[in-house]
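Novice: Build me a model:
(4 chains)
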Protein chains: 2
Amino acid sequence: MTTTAAPTSLRRRAGNGTTRRNEADEIGLDALVGHAGYAVRRFQIWIFQDFIKTLGEVDIRPTQYSVLTVIGANPGLSQMAVAKRLGIERARLVHLLDSLEGRKLVKRIKSKSDRRSHALHLTAQGETALAKFKRLAAEHERHVEEKIGKANRERLLQILAGFT
Amino acid sequence: MTTTAAPTSLRRRAGNGTTRRNEADEIGLDALVGHAGYAVRRFQIWIFQDFIKTLGEVDIRPTQYSVLTVIGANPGLSQMAVAKRLGIERARLVHLLDSLEGRKLVKRIKSKSDRRSHALHLTAQGETALAKFKRLAAEHERHVEEKIGKANRERLLQILAGFT
DNA sequence: GAAGATTGTTGTTGACGACAACAATTGGCT
DNA sequence: AGCCAATTGTTGTCGTCAACAACAATCTTC
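Specialist: Residues are numbered from 1 along each chain as shown, chains lettered A, B, ... in the order given. All right, here's what the predicted structure looks like:
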(Lines give C-alpha, C1' and ligand atoms only; values in the text may rest on other atoms or scores of the structure.)
Protein backbone atom coordinates (compact mmCIF):
# COMPACT_ATOMS: atom_id res chain seq x y z
CA MET A 1 0.00 0.00 0.00
CA THR A 2 1.25 3.35 -0.83
CA THR A 3 1.41 5.61 2.10
CA THR A 4 -0.81 8.22 0.80
CA ALA A 5 0.20 11.67 1.59
CA ALA A 6 -2.85 13.29 0.19
CA PRO A 7 -4.83 14.18 3.27
CA THR A 8 -6.70 17.14 2.08
CA SER A 9 -9.89 16.02 0.42
CA LEU A 10 -10.96 19.44 -0.44
CA ARG A 11 -13.92 19.00 -2.62
CA ARG A 12 -12.95 21.35 -5.33
CA ARG A 13 -12.44 20.31 -8.83
CA ALA A 14 -10.66 23.46 -9.77
CA GLY A 15 -8.02 23.56 -12.37
CA ASN A 16 -10.14 22.99 -15.34
CA GLY A 17 -11.80 25.63 -17.37
CA THR A 18 -15.36 24.53 -17.42
CA THR A 19 -17.56 26.19 -14.93
CA ARG A 20 -17.36 23.55 -12.29
CA ARG A 21 -19.64 24.82 -9.56
CA ASN A 22 -18.77 23.98 -6.04
CA GLU A 23 -21.27 21.23 -6.02
CA ALA A 24 -24.73 22.18 -5.24
CA ASP A 25 -26.99 24.83 -6.40
CA GLU A 26 -25.50 28.14 -6.86
CA ILE A 27 -26.92 27.77 -10.29
CA GLY A 28 -29.06 30.73 -11.12
CA LEU A 29 -32.53 30.35 -12.50
CA ASP A 30 -32.65 33.80 -13.98
CA ALA A 31 -36.06 34.62 -15.37
CA LEU A 32 -37.50 31.40 -14.05
CA VAL A 33 -37.81 32.70 -10.51
CA GLY A 34 -40.40 35.22 -11.62
CA HIS A 35 -42.58 32.64 -13.29
CA ALA A 36 -45.53 31.27 -11.40
CA GLY A 37 -45.71 28.29 -13.71
CA TYR A 38 -42.30 27.03 -12.75
CA ALA A 39 -42.95 27.24 -9.03
CA VAL A 40 -46.33 25.62 -9.46
CA ARG A 41 -44.89 22.79 -11.52
CA ARG A 42 -42.25 21.99 -8.94
CA PHE A 43 -44.77 22.19 -6.16
CA GLN A 44 -47.22 19.98 -7.97
CA ILE A 45 -44.59 17.33 -8.50
CA TRP A 46 -43.76 17.39 -4.83
CA ILE A 47 -47.35 17.28 -3.72
CA PHE A 48 -48.28 14.42 -6.03
CA GLN A 49 -45.31 12.38 -4.94
CA ASP A 50 -46.28 12.85 -1.33
CA PHE A 51 -49.87 11.93 -2.09
CA ILE A 52 -48.86 8.80 -3.95
CA LYS A 53 -46.53 7.82 -1.17
CA THR A 54 -48.98 8.54 1.63
CA LEU A 55 -51.76 6.64 -0.12
CA GLY A 56 -49.28 4.02 -1.26
CA GLU A 57 -50.50 1.34 1.10
CA VAL A 58 -53.92 1.47 -0.53
CA ASP A 59 -52.56 2.02 -4.04
CA ILE A 60 -54.65 5.05 -4.89
CA ARG A 61 -53.39 7.85 -7.10
CA PRO A 62 -54.62 11.44 -7.07
CA THR A 63 -56.84 11.07 -10.11
CA GLN A 64 -58.43 7.90 -8.80
CA TYR A 65 -59.07 9.60 -5.50
CA SER A 66 -60.75 12.54 -7.19
CA VAL A 67 -63.02 10.24 -9.18
CA LEU A 68 -64.02 8.25 -6.12
CA THR A 69 -64.66 11.39 -4.13
CA VAL A 70 -66.93 12.92 -6.73
CA ILE A 71 -68.88 9.72 -7.25
CA GLY A 72 -69.21 9.29 -3.52
CA ALA A 73 -70.59 12.77 -3.13
CA ASN A 74 -72.85 12.56 -6.17
CA PRO A 75 -74.08 9.03 -6.71
CA GLY A 76 -75.68 8.32 -10.02
CA LEU A 77 -73.62 10.69 -12.13
CA SER A 78 -72.88 9.75 -15.70
CA GLN A 79 -69.32 9.29 -16.91
CA MET A 80 -69.70 12.41 -18.98
CA ALA A 81 -70.70 14.46 -15.96
CA VAL A 82 -67.81 13.19 -13.87
CA ALA A 83 -65.33 13.77 -16.65
CA LYS A 84 -66.54 17.28 -17.24
CA ARG A 85 -66.56 18.15 -13.58
CA LEU A 86 -63.01 16.94 -13.00
CA GLY A 87 -61.59 18.13 -16.29
CA ILE A 88 -60.75 14.62 -17.37
CA GLU A 89 -61.16 13.33 -20.91
CA ARG A 90 -64.05 10.96 -21.04
CA ALA A 91 -61.79 8.57 -22.93
CA ARG A 92 -59.41 8.58 -20.02
CA LEU A 93 -62.18 8.11 -17.49
CA VAL A 94 -63.10 4.86 -19.18
CA HIS A 95 -59.80 3.29 -18.17
CA LEU A 96 -59.93 4.79 -14.70
CA LEU A 97 -63.36 3.29 -14.14
CA ASP A 98 -62.32 -0.04 -15.61
CA SER A 99 -59.63 -0.18 -12.98
CA LEU A 100 -61.81 0.99 -10.11
CA GLU A 101 -64.61 -1.33 -11.14
CA GLY A 102 -62.14 -4.19 -11.33
CA ARG A 103 -61.26 -3.46 -7.72
CA LYS A 104 -64.93 -3.52 -6.77
CA LEU A 105 -64.91 0.05 -5.58
CA VAL A 106 -67.28 1.41 -8.21
CA LYS A 107 -70.10 0.01 -10.27
CA ARG A 108 -71.57 1.15 -13.55
CA ILE A 109 -75.35 0.80 -13.65
CA LYS A 110 -77.15 1.04 -16.93
CA SER A 111 -79.39 4.04 -16.88
CA LYS A 112 -82.97 3.33 -17.82
CA SER A 113 -83.79 6.85 -18.81
CA ASP A 114 -80.85 7.19 -21.16
CA ARG A 115 -79.65 3.85 -22.39
CA ARG A 116 -76.42 5.35 -23.64
CA SER A 117 -75.16 6.35 -20.25
CA HIS A 118 -74.09 4.67 -17.06
CA ALA A 119 -74.99 5.79 -13.57
CA LEU A 120 -71.94 5.61 -11.37
CA HIS A 121 -72.09 4.42 -7.79
CA LEU A 122 -69.71 3.35 -5.11
CA THR A 123 -70.03 -0.22 -3.96
CA ALA A 124 -70.45 -0.86 -0.27
CA GLN A 125 -66.83 -1.87 -0.28
CA GLY A 126 -66.05 1.35 -2.11
CA GLU A 127 -67.72 3.44 0.56
CA THR A 128 -65.71 2.03 3.41
CA ALA A 129 -62.57 2.13 1.33
CA LEU A 130 -63.13 5.77 0.45
CA ALA A 131 -63.48 6.59 4.12
CA LYS A 132 -60.02 5.20 4.68
CA PHE A 133 -58.65 7.00 1.64
CA LYS A 134 -59.95 10.25 3.03
CA ARG A 135 -58.18 9.71 6.30
CA LEU A 136 -54.92 9.07 4.48
CA ALA A 137 -55.52 12.05 2.22
CA ALA A 138 -56.01 14.21 5.29
CA GLU A 139 -52.66 12.96 6.52
CA HIS A 140 -51.12 13.95 3.22
CA GLU A 141 -52.67 17.36 3.61
CA ARG A 142 -50.94 17.72 6.92
CA HIS A 143 -47.66 17.06 5.18
CA VAL A 144 -48.45 19.98 2.92
CA GLU A 145 -49.05 22.12 5.95
CA GLU A 146 -45.74 21.13 7.40
CA LYS A 147 -44.05 21.97 4.15
CA ILE A 148 -45.45 25.42 3.39
CA GLY A 149 -47.10 26.38 6.65
CA LYS A 150 -50.67 26.24 7.74
CA ALA A 151 -51.51 29.81 6.89
CA ASN A 152 -49.87 29.59 3.50
CA ARG A 153 -51.79 26.49 2.64
CA GLU A 154 -55.03 28.26 3.45
CA ARG A 155 -54.02 31.23 1.37
CA LEU A 156 -53.08 28.97 -1.49
CA LEU A 157 -56.45 27.26 -1.47
CA GLN A 158 -58.09 30.64 -1.42
CA ILE A 159 -56.08 31.98 -4.34
CA LEU A 160 -56.73 28.91 -6.45
CA ALA A 161 -60.33 28.40 -5.44
CA GLY A 162 -61.46 29.53 -8.85
CA PHE A 163 -59.91 26.54 -10.54
CA THR A 164 -61.69 23.86 -8.60
CA MET B 1 -59.08 23.56 8.02
CA THR B 2 -60.18 20.04 7.51
CA THR B 3 -62.63 19.98 10.34
CA THR B 4 -63.05 16.60 11.86
CA ALA B 5 -62.41 13.24 10.37
CA ALA B 6 -66.07 12.83 9.67
CA PRO B 7 -66.83 14.66 6.45
CA THR B 8 -70.32 13.37 6.17
CA SER B 9 -71.73 15.34 3.35
CA LEU B 10 -75.13 13.87 3.06
CA ARG B 11 -76.58 14.45 -0.28
CA ARG B 12 -77.54 10.95 -1.10
CA ARG B 13 -79.65 11.09 -4.15
CA ALA B 14 -79.65 7.37 -4.47
CA GLY B 15 -82.60 5.33 -5.44
CA ASN B 16 -82.63 4.46 -9.06
CA GLY B 17 -79.71 5.00 -11.27
CA THR B 18 -80.84 8.22 -12.76
CA THR B 19 -79.77 11.29 -10.96
CA ARG B 20 -80.21 13.63 -13.84
CA ARG B 21 -78.68 16.93 -12.87
CA ASN B 22 -80.23 19.89 -14.47
CA GLU B 23 -77.31 20.55 -16.68
CA ALA B 24 -74.34 22.35 -15.36
CA ASP B 25 -72.10 21.94 -12.43
CA GLU B 26 -73.97 21.77 -9.24
CA ILE B 27 -71.85 18.73 -8.75
CA GLY B 28 -70.14 18.79 -5.40
CA LEU B 29 -66.48 18.05 -4.98
CA ASP B 30 -66.79 17.09 -1.35
CA ALA B 31 -63.39 16.49 0.22
CA LEU B 32 -61.60 17.63 -2.89
CA VAL B 33 -62.15 21.30 -2.17
CA GLY B 34 -59.96 21.04 0.89
CA HIS B 35 -57.07 19.52 -0.99
CA ALA B 36 -54.27 21.75 -2.13
CA GLY B 37 -53.14 19.18 -4.63
CA TYR B 38 -56.35 19.28 -6.58
CA ALA B 39 -56.38 23.03 -6.90
CA VAL B 40 -52.73 23.07 -7.80
CA ARG B 41 -53.22 20.43 -10.46
CA ARG B 42 -56.05 22.30 -12.11
CA PHE B 43 -54.14 25.54 -11.95
CA GLN B 44 -51.03 23.99 -13.38
CA ILE B 45 -52.95 22.60 -16.34
CA TRP B 46 -54.39 26.02 -17.00
CA ILE B 47 -51.07 27.80 -16.68
CA PHE B 48 -49.23 25.36 -18.92
CA GLN B 49 -51.88 25.58 -21.58
CA ASP B 50 -51.64 29.34 -21.56
CA PHE B 51 -47.87 29.18 -21.71
CA ILE B 52 -47.93 26.78 -24.64
CA LYS B 53 -50.45 28.91 -26.43
CA THR B 54 -48.69 32.18 -25.76
CA LEU B 55 -45.33 30.78 -26.86
CA GLY B 56 -47.02 28.88 -29.64
CA GLU B 57 -45.71 31.07 -32.41
CA VAL B 58 -42.16 30.14 -31.44
CA ASP B 59 -43.01 26.56 -30.56
CA ILE B 60 -41.44 26.52 -27.13
CA ARG B 61 -42.86 24.51 -24.27
CA PRO B 62 -42.38 25.22 -20.57
CA THR B 63 -39.67 22.64 -20.03
CA GLN B 64 -37.72 23.77 -23.07
CA TYR B 65 -37.96 27.31 -21.84
CA SER B 66 -36.63 26.38 -18.43
CA VAL B 67 -33.68 24.57 -19.97
CA LEU B 68 -32.80 27.47 -22.23
CA THR B 69 -33.11 29.94 -19.39
CA VAL B 70 -30.79 28.03 -17.10
CA ILE B 71 -28.19 27.45 -19.79
CA GLY B 72 -28.38 31.10 -20.77
CA ALA B 73 -27.79 32.19 -17.21
CA ASN B 74 -25.08 29.61 -16.54
CA PRO B 75 -23.11 28.85 -19.69
CA GLY B 76 -20.90 25.81 -19.57
CA LEU B 77 -23.03 23.70 -17.27
CA SER B 78 -23.00 19.95 -17.72
CA GLN B 79 -26.18 18.07 -18.57
CA MET B 80 -26.09 16.52 -15.15
CA ALA B 81 -25.99 19.92 -13.47
CA VAL B 82 -28.87 21.26 -15.52
CA ALA B 83 -30.96 18.17 -14.92
CA LYS B 84 -30.36 18.28 -11.21
CA ARG B 85 -31.09 21.96 -10.95
CA LEU B 86 -34.38 21.71 -12.81
CA GLY B 87 -35.46 18.41 -11.35
CA ILE B 88 -35.45 16.74 -14.74
CA GLU B 89 -34.26 13.20 -15.36
CA ARG B 90 -30.99 13.28 -17.16
CA ALA B 91 -32.40 10.72 -19.54
CA ARG B 92 -35.16 13.13 -20.39
CA LEU B 93 -32.78 16.04 -20.82
CA VAL B 94 -31.00 14.14 -23.56
CA HIS B 95 -34.05 14.32 -25.82
CA LEU B 96 -34.75 17.91 -24.89
CA LEU B 97 -31.23 18.90 -25.86
CA ASP B 98 -31.35 16.83 -29.03
CA SER B 99 -34.35 18.89 -30.06
CA LEU B 100 -32.91 22.23 -29.01
CA GLU B 101 -29.59 21.46 -30.63
CA GLY B 102 -31.39 20.43 -33.80
CA ARG B 103 -32.97 23.87 -33.83
CA LYS B 104 -29.54 25.46 -33.42
CA LEU B 105 -30.45 27.08 -30.14
CA VAL B 106 -28.01 25.15 -27.99
CA LYS B 107 -24.69 23.47 -28.55
CA ARG B 108 -22.98 20.70 -26.67
CA ILE B 109 -19.26 21.25 -26.38
CA LYS B 110 -17.05 18.40 -25.33
CA SER B 111 -15.43 19.28 -22.06
CA LYS B 112 -11.67 18.92 -22.06
CA SER B 113 -11.38 18.52 -18.33
CA ASP B 114 -13.94 15.74 -18.17
CA ARG B 115 -14.34 13.93 -21.43
CA ARG B 116 -17.54 12.31 -20.26
CA SER B 117 -19.46 15.54 -19.97
CA HIS B 118 -20.68 18.23 -22.29
CA ALA B 119 -20.53 21.93 -21.59
CA LEU B 120 -23.80 23.47 -22.62
CA HIS B 121 -23.98 26.84 -24.33
CA LEU B 122 -26.50 28.88 -26.22
CA THR B 123 -25.69 29.58 -29.81
CA ALA B 124 -25.75 33.18 -30.97
CA GLN B 125 -29.06 32.35 -32.55
CA GLY B 126 -30.15 30.85 -29.26
CA GLU B 127 -29.36 34.02 -27.38
CA THR B 128 -31.49 36.24 -29.55
CA ALA B 129 -34.23 33.64 -29.64
CA LEU B 130 -34.25 33.37 -25.87
CA ALA B 131 -34.67 37.12 -25.61
CA LYS B 132 -37.84 36.83 -27.63
CA PHE B 133 -39.02 33.85 -25.63
CA LYS B 134 -38.60 35.86 -22.47
CA ARG B 135 -40.77 38.63 -23.83
CA LEU B 136 -43.49 36.17 -24.69
CA ALA B 137 -43.12 34.46 -21.34
CA ALA B 138 -43.60 37.82 -19.67
CA GLU B 139 -46.78 38.22 -21.65
CA HIS B 140 -47.93 34.83 -20.41
CA GLU B 141 -47.16 35.96 -16.90
CA ARG B 142 -49.47 38.90 -17.40
CA HIS B 143 -52.21 36.46 -18.31
CA VAL B 144 -51.65 34.80 -14.96
CA GLU B 145 -51.99 38.15 -13.27
CA GLU B 146 -55.26 38.78 -15.02
CA LYS B 147 -56.50 35.38 -13.97
CA ILE B 148 -55.70 35.37 -10.28
CA GLY B 149 -54.85 38.99 -9.58
CA LYS B 150 -51.55 40.74 -9.27
CA ALA B 151 -51.33 40.54 -5.51
CA ASN B 152 -52.30 36.88 -5.46
CA ARG B 153 -49.66 36.03 -8.02
CA GLU B 154 -47.01 37.68 -5.87
CA ARG B 155 -48.26 35.84 -2.82
CA LEU B 156 -48.22 32.59 -4.71
CA LEU B 157 -44.61 33.07 -5.79
CA GLN B 158 -43.71 33.85 -2.23
CA ILE B 159 -45.42 30.79 -0.81
CA LEU B 160 -43.84 28.47 -3.32
CA ALA B 161 -40.43 30.09 -3.37
CA GLY B 162 -38.97 27.14 -1.53
CA PHE B 163 -39.60 24.80 -4.43
CA THR B 164 -37.70 26.69 -7.06
C1' DG C 1 -3.88 -0.88 -11.79
C1' DA C 2 -8.39 -2.52 -10.14
C1' DA C 3 -12.84 -1.25 -8.01
C1' DG C 4 -16.30 1.95 -7.79
C1' DA C 5 -18.63 6.11 -9.05
C1' DT C 6 -20.23 9.51 -12.56
C1' DT C 7 -21.86 11.15 -17.31
C1' DG C 8 -24.32 10.74 -21.30
C1' DT C 9 -27.16 7.63 -23.75
C1' DT C 10 -30.80 4.22 -25.07
C1' DG C 11 -34.77 1.82 -23.94
C1' DT C 12 -39.07 0.51 -21.28
C1' DT C 13 -42.94 1.25 -18.40
C1' DG C 14 -46.94 3.68 -16.88
C1' DA C 15 -49.79 7.90 -15.93
C1' DC C 16 -51.77 11.53 -18.36
C1' DG C 17 -53.83 15.11 -21.86
C1' DA C 18 -55.45 15.72 -26.65
C1' DC C 19 -57.72 13.86 -30.68
C1' DA C 20 -60.12 11.09 -33.93
C1' DA C 21 -63.29 7.61 -35.09
C1' DC C 22 -67.08 4.52 -34.17
C1' DA C 23 -71.79 2.21 -32.64
C1' DA C 24 -75.68 2.89 -29.99
C1' DT C 25 -78.87 5.99 -28.64
C1' DT C 26 -81.36 10.33 -28.00
C1' DG C 27 -83.26 14.70 -29.33
C1' DG C 28 -84.58 18.28 -32.52
C1' DC C 29 -86.80 19.59 -36.63
C1' DT C 30 -89.63 19.33 -40.49
C1' DA D 1 -93.40 9.66 -38.73
C1' DG D 2 -88.89 10.16 -40.44
C1' DC D 3 -84.38 12.03 -40.82
C1' DC D 4 -80.31 14.46 -39.35
C1' DA D 5 -77.43 16.28 -35.67
C1' DA D 6 -75.77 15.73 -31.17
C1' DT D 7 -74.50 12.95 -27.15
C1' DT D 8 -72.46 8.81 -24.58
C1' DG D 9 -69.37 5.32 -23.93
C1' DT D 10 -65.67 3.07 -26.11
C1' DT D 11 -61.36 2.06 -28.63
C1' DG D 12 -57.27 3.57 -30.55
C1' DT D 13 -53.28 6.65 -31.60
C1' DC D 14 -49.93 10.25 -30.56
C1' DG D 15 -46.96 13.07 -27.71
C1' DT D 16 -45.44 14.64 -23.04
C1' DC D 17 -43.53 13.42 -18.85
C1' DA D 18 -41.68 10.93 -14.50
C1' DA D 19 -39.28 6.72 -12.98
C1' DC D 20 -36.16 3.04 -13.84
C1' DA D 21 -32.75 -0.03 -15.67
C1' DA D 22 -28.83 -1.02 -18.28
C1' DC D 23 -24.73 0.20 -20.80
C1' DA D 24 -20.06 2.25 -22.61
C1' DA D 25 -16.86 5.67 -21.80
C1' DT D 26 -14.55 8.06 -18.56
C1' DC D 27 -13.12 9.84 -14.04
C1' DT D 28 -11.74 9.03 -8.96
C1' DT D 29 -9.81 6.67 -5.33
C1' DC D 30 -7.21 3.57 -3.06
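Novice: near DNA strand D, which residues of chain A?
Specialist: A:4, A:6, A:13, A:41, A:45, A:49, A:78-80, A:83, A:90-91, A:94, A:97-98, A:108, A:114, A:116-118 (CB under 7 Å from any atom of the strand). To be clear about C-beta, it is placed using only N, CA and C from the backbone, and glycine gets the same treatment.
Novice: Keep only those of these that are in strands.
Specialist: A:R108, A:H118 (DSSP state E).
Novice: Emit the PyMOL select command for whichever of the residues of chain A next to DNA strand D are buried.
Specialist: Selecting only the buried entries of those in PyMOL, with 16 or more other CB atoms under 10 Å in any protein chain shown as the criterion:
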select buried, chain A and resi 41+78+79+83+97+108+117+118
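Novice: Also within reach of DNA strand C: list those from the residues of chain A next to DNA strand D.
Specialist: Among those, DNA strand C is touched by A:A91, A:D114, A:R116 when using CB under 7 Å from any atom of the strand.
Novice: Take these and write them to CSV, including distance to A:L157 and pLDDT.
Specialist: CSV is the format used below for these (distance: CB to CB, whole Å; pLDDT from 0 to 100):
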residue, distance to A:L157, pLDDT
A:A91, 30, 95
A:D114, 36, 91
A:R116, 37, 93
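Novice: so which of those would you say is closest to B:E145?
Specialist: Proximity to B:E145 was ranked across those by CB to CB; first place goes to A:A91, at 33.8 Å.
Novice: Which residues of chain A lie near DNA strand C?
Specialist: A:61-64, A:87-89, A:91-92, A:96, A:114-116.
Novice: Now do the same contact list for the residue nearest the centre of chain A.
Specialist: The centroid of chain A falls nearest to A:F48 when counting by CA atoms, centre = their mean (2.8 Å). By CB atoms under 8 Å, 6 or more residues apart in numbering or on different chains, the contact list for A:F48 reads A:P62, B:G37, B:R41.
Novice: did I read that right, A:L68 in a strand?
Specialist: No: in this structure, A:L68 is helix, not part of a strand, as judged by DSSP: H, G, I helix; E, B strand; the rest coil.
Novice: Would you agree it is in contact with A:L100?
Specialist: Yes: under the criterion of CB atoms under 8 Å, A:L68 makes contact with A:L100 at 6.9 Å.
Novice: which neighbours do the two share?
Specialist: A:V106, A:G126.
Novice: So for the lengthiest helix in chain A, mean pLDDT?
Specialist: Of all the elements of type helix in chain A, the one with the most residues (DSSP state H) is helix A:124-148. In this model, helix A:124-148 has a mean pLDDT of 95.
Novice: separation between A:T123 and DNA strand D?
Specialist: For A:T123, the distance to DNA strand D (CB to the nearest atom of the strand, to the nearest Å) stands at 16 Å.
Novice: That residue contacts A:G102, correct?
Specialist: No: applying CB under 8 Å, one finds A:T123 not in contact with A:G102, separated by 11.7 Å.
Novice: and the two? which has more neighbours close in?
Specialist: A:T123 (15 against 9; other CB atoms under 10 Å in any protein chain shown).
Novice: A:L105 versus the more buried one, what's the distance?
Specialist: Remark: distance between A:T123 and A:L105 (CB to CB, to the nearest Å) = 6 Å.
Novice: A:K110 contacts A:R116, doesn't it?
Specialist: No: using CB under 8 Å as the test, A:K110 is too far from A:R116 to be in contact (9.6 Å).
Novice: so A:K110 bridges to which residues?
Specialist: Applying DSSP bridges to A:K110 gives these bridge partners: A:H118.
Novice: pLDDT score for it?
Specialist: At A:K110, pLDDT is 92.
Novice: how much space between it and A:R90?
Specialist: Counting by CB to CB, the gap from A:K110 to A:R90 is 17 Å.
Novice: Then A:Y65?
Specialist: 19 Å.
Novice: One more: A:H118?
Specialist: 11 Å.
Novice: Overlap of the contact sets of these two?
Specialist: With CB under 8 Å, 6+ apart as the test, A:H118 and A:R90 both reach A:Q79.
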